[in-house]
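# missing the sequence, but the structure's below:
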């Protein structure tokens with residue numbers, strides 16, 4: 001077979017003159033037209049990226065939703081529920097500040113003034129619910145139902161991502177089942193919303209939707225969790241290429257510009273998205289620090305956290321977040337330089353915890369590594385590897401909490417689901433299924 005690449009119009013005219021052609025293959029930006037008698041093909045460049053056709057039967061969607069919602073309800077309100085709405089949860093504190101007319105401020109239970117410690121999308125969503133329902137038990141129910149809706153949508157997107165990448169929704173269903181067993185609905189945190197944003201961008205890139213839509217979703221994702229930023233850039237670049245990424249990034253800048261401008265005007269500092277990394281770094285690397293967030297938490301937080309120490313909160317309010325968090329970062333870096341062995345020990349332990357926080361997460365991780373190897377030559381496989389490699393990097397140097405992995409855990413579960421599906425297909429004929 002001979003491939004000839006020429007001007008788009010010339011290729012199309014050649015195809016038309018040669019008679020009836022059938023589409024026999026697709027690449028990322030090209031379609032191959034093949035004429036059997038002539039034993040010749042034309043590689044025709046597309047003006048727009050080729051979109052993959054997604055097939056998820058409606059009855060499958062309905063069944064998955066029917067099974068997902070009751071499980072999420074049980075894990076939201078049943079024994080062991082992690083849902084909470086107290087003032088010690090920073091997003092809830094900011095939401096209450098907004099509802100009470102104090103602006104995007106006071107995340108640490110005490111009055112500390114305007115904040116850029118957290119990005120706006122999730123606190124604004126919480127504030128909207130509190131405003132509509134009031135700060136009472138009815139609002140708690142609405143918050144829980146919103147979280148359930150977000151996680152259900154995550155499950156649905158997993159099916160479509162699997163259909164786009166593996167030509168079957170089944171690996172996505174396997175991944176969804178595993179995620180429902182190892183994650184908890186957390187309406188007080190942005191974990192599920194960040195995961196939804198990651199899935200949406202990944203699916204947009206796989207399907208080849210217009211770069212404007214991908215950029216808009218990616219920008220909103222950054223405003224949910226800045227940790228998504230580098231991973232999303234790598235994913236879009238690997239799936240769609242440099243030009244598509246640059247165009248999408250232009251839209252991202254437009255989406256986040258109002259927040260960056262607000263930070264410059266209100267915080268009096270060039271804060272791009274968030275400014276609290278210095279505080280987290282210091283709380284995670286000191287003489288009392290352990291691998292997990294709960295290790296010596298009471299003592300560490302009582303000494304240094306503005307949500308547990310009124311004197312610290314007063315100092316934060318006096319000097320402002322940029323200066324205070326910068327000071328904390330300097331102290332953390334000084335401690336790391338003077339305790340390199342302990343820092344490396346903590347980092348190794350946190351890396352281990354990230355991938356093996358429970359037996360189920362450890363199993364997902366192991367199968368995910370196998371799945372990444374199997375899919376190493378595919379574009380989406382490379383993108384999945386990049387996402388799983390890049391996203392956790394900042395979390396390796398701070399105290400571990402299982403919810404930090406939620407935004408990217410779906411990607412590991414999807415690779416693991418593909419491995420399970422391949423095994424079932426290989427073993428089924430041998431058993432006469």
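In hand now; what should we look at? No experiment lies behind these values; they were computed from the predicted model shown. Numbers count the residues shown, from 1 in each chain.
# Walk me through the domains of this protein.
Using automatic domain parsing, the domain ranges for the chain come out as 2-45, 58-269.
# State the mean pLDDT of the first one.
Domain 2-45 carries an average pLDDT of 45.
# same question, the last one
Model confidence over domain 58-269, given as mean pLDDT, is 94.
# quick one on the thing from earlier: can you tell me which of the domains of the chain is packed in deepest?
domain 58-269 (a mean of 19; mean count of other C-beta atoms under 10 Å). Heads up, the C-betas are built off the backbone N, CA and C, glycines and all.
# Just the terminal-to-terminal distance for that one.
50 Å (C-alpha to C-alpha, to the nearest Å).
# about what we covered before: can I get the domains of the chain in TSV including distance to residue 398?
Putting those into TSV (distance: least, C-beta to C-beta, whole Å) gives the following:
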stretch	distance to residue 398
domain 2-45	37
domain 58-269	11
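# Those domains: which one's closest to residue 401?
When the domains of the chain are compared by C-beta to C-beta, domain 58-269 sits nearest residue 401, at 9.3 Å.
# Quick one: the strands in the protein, in order.
Ranges of strands within the chain are 2-4, 22-26, 30-35, 40-45, based on DSSP state E.
# List the contacts of the closest residue to residue 375 other than its chain neighbours.
Spatial nearest neighbour of residue 375, excluding adjacent residues (C-beta to C-beta, 6 or more residues apart in numbering): residue 381 at 2.9 Å. Counting by C-beta atoms under 8 Å, 6 or more residues apart in numbering, residue 381 makes contact with 371, 372, 374, 375, 415.
# Name the nearest residue to the first one, ignoring sequence neighbours.
Distances taken as C-beta to C-beta, 6+ apart put residue 415 closest to residue 371, at 3.1 Å, once the chain neighbours are dropped.
# Kindly report the same for the second one.
Leaving aside its sequence neighbours, residue 372 sits nearest to residue 385 (C-beta to C-beta, 6+ apart; 5.1 Å).
# Would you mind measuring from that neighbour to residue 328?
From residue 385 over to residue 328 the distance is 34 Å, taken as C-beta to C-beta, to the nearest Å.
# and if you look at residue 142?
35 Å.
# what does residue 392 give?
Taking C-beta to C-beta, one finds residue 392 at 22 Å from residue 328.
# Same question for residue 410.
32 Å.
# where along the stretch 201-350 of the chain do the helices fall?
Ranges of helices within the stretch 201-350 of the chain are 211-224, 228-240, 242-267, 277-284, 297-304, 310-319, 321-338, 340-355, based on DSSP state H, counting those that start in this stretch.
# same for the third one, what does it pack against?
Judged by 3 or more C-beta pairs under 8 Å, 6 or more residues apart in numbering; DSSP states H and E, helix 242-267 is in contact with helix 211-224, helix 228-240.
# The nearest residue to residue 148 once chain neighbours are set aside: what's it in contact with?
Nearest non-adjacent residue to residue 148, counting by C-beta to C-beta, 6+ apart: residue 72, 4.5 Å away. When the contact criterion is C-beta under 8 Å, 6+ apart, the partners of residue 72 are 147, 148, 151, 152, 180, 185.
# rerun that using 6 Å as the cut-off
Shown in contact with residue 72 (C-beta atoms under 6 Å, 6 or more residues apart in numbering): 148, 151, 185.
# what's the answer for residue 380, then?
residue 165.
# so what's it scoring on pLDDT?
91.
# Which one of residue 410 and residue 328 is surrounded by more residues?
When neighbours are counted by other C-beta atoms under 10 Å, residue 410 and residue 328 differ, and residue 410 comes out ahead with 27 against 20.
# Distance of that one relative to residue 331?
Taken as C-beta to C-beta, the span from residue 410 to residue 331 is 36 Å.
# and what of residue 358?
From residue 358 over to residue 331 (counting by C-beta to C-beta), the distance is 33 Å.
# Looking at the two, which has the bigger crowd around it?
residue 331 (16 against 12).
# Enumerate every residue touching the residue lying closest to the more buried one once chain neighbours are set aside.
Closest residue to residue 331 apart from its sequence neighbours, by C-beta to C-beta, 6+ apart: residue 282 at 5.6 Å. Counting by C-beta under 6 Å, 6+ apart, residue 282 touches 328, 331, 332.
# redo that, cut-off 8 Å
304, 328, 329, 331, 332, 335.
# Can you give me the distance of residue 67 to residue 180?
Taken as C-beta to C-beta, the span from residue 67 to residue 180 is 9 Å.
# One more: residue 169?
In terms of C-beta to C-beta, residue 169 sits 16 Å off from residue 180.
# residue contacts, the residue lying closest to residue 76 once chain neighbours are set aside?
Distance criterion C-beta to C-beta, 6+ apart; nearest residue to residue 76, sequence neighbours excluded, is residue 185 at 4.4 Å. Residues near residue 185 by C-beta under 8 Å, 6+ apart: 72, 75, 76, 81, 82, 83, 144, 147, 148, 151, 192.
# what bits of the stretch 251-400 of the chain have low per-residue confidence?
293-298 (pLDDT under 70).
# okay but residue 374 is in contact with residue 418, surely?
Yes. In this structure, residue 374 is within contact of residue 418 by C-beta atoms under 8 Å, at 7.1 Å.
# between the two, which one's more packed in?
Using other C-beta under 10 Å as the criterion, residue 374 and residue 418 rank with residue 418 on top: 28 against 14.
# now that one, nearest residue through space, not along the chain?
Residue 418's closest residue in space is residue 171 (C-beta to C-beta, 6+ apart), at 4.3 Å.
# pretty sure the one you found is touching residue 421, no?
Yes. The pair residue 171 / residue 421 is scored as a contact, 4.7 Å apart, by C-beta under 8 Å.
# Against residue 127, how distant is residue 178?
33 Å.
# Sorry, slip of the keys, the one I care about is residue 265.
Residue 265 is 20 Å from residue 127, by C-beta to C-beta.
# who touches residue 283 in this structure?
289, 300, 301, 304, 305, 398, 399.
# number of nearby residues for residue 322?
17.
# same question but for residue 388, I mixed them up
For residue 388, using other C-beta under 10 Å, the count is 20.
# contacting residues for it?
If you count contacts by C-beta under 8 Å, 6+ apart, then residue 388 has 368, 372, 408, 411, 412 around it.
# For the protein, which helix extends over the most residues?
helix 137-166 (DSSP state H).
# Quick one: list the elements packing against it.
Against helix 137-166 (3+ C-beta pairs under 8 Å, 6+ apart) you get helix 58-77, helix 121-133, helix 170-182, helix 191-207, helix 406-430.
# Including distance to residue 316, could the ones you listed go into JSON lines?
Shown next, in JSON lines, are the helices and strands packed on helix 137-166 (distance: least, C-beta to C-beta, whole Å):
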{"stretch": "helix 58-77", "distance to residue 316": "33"}
{"stretch": "helix 121-133", "distance to residue 316": "18"}
{"stretch": "helix 170-182", "distance to residue 316": "35"}
{"stretch": "helix 191-207", "distance to residue 316": "25"}
{"stretch": "helix 406-430", "distance to residue 316": "27"}
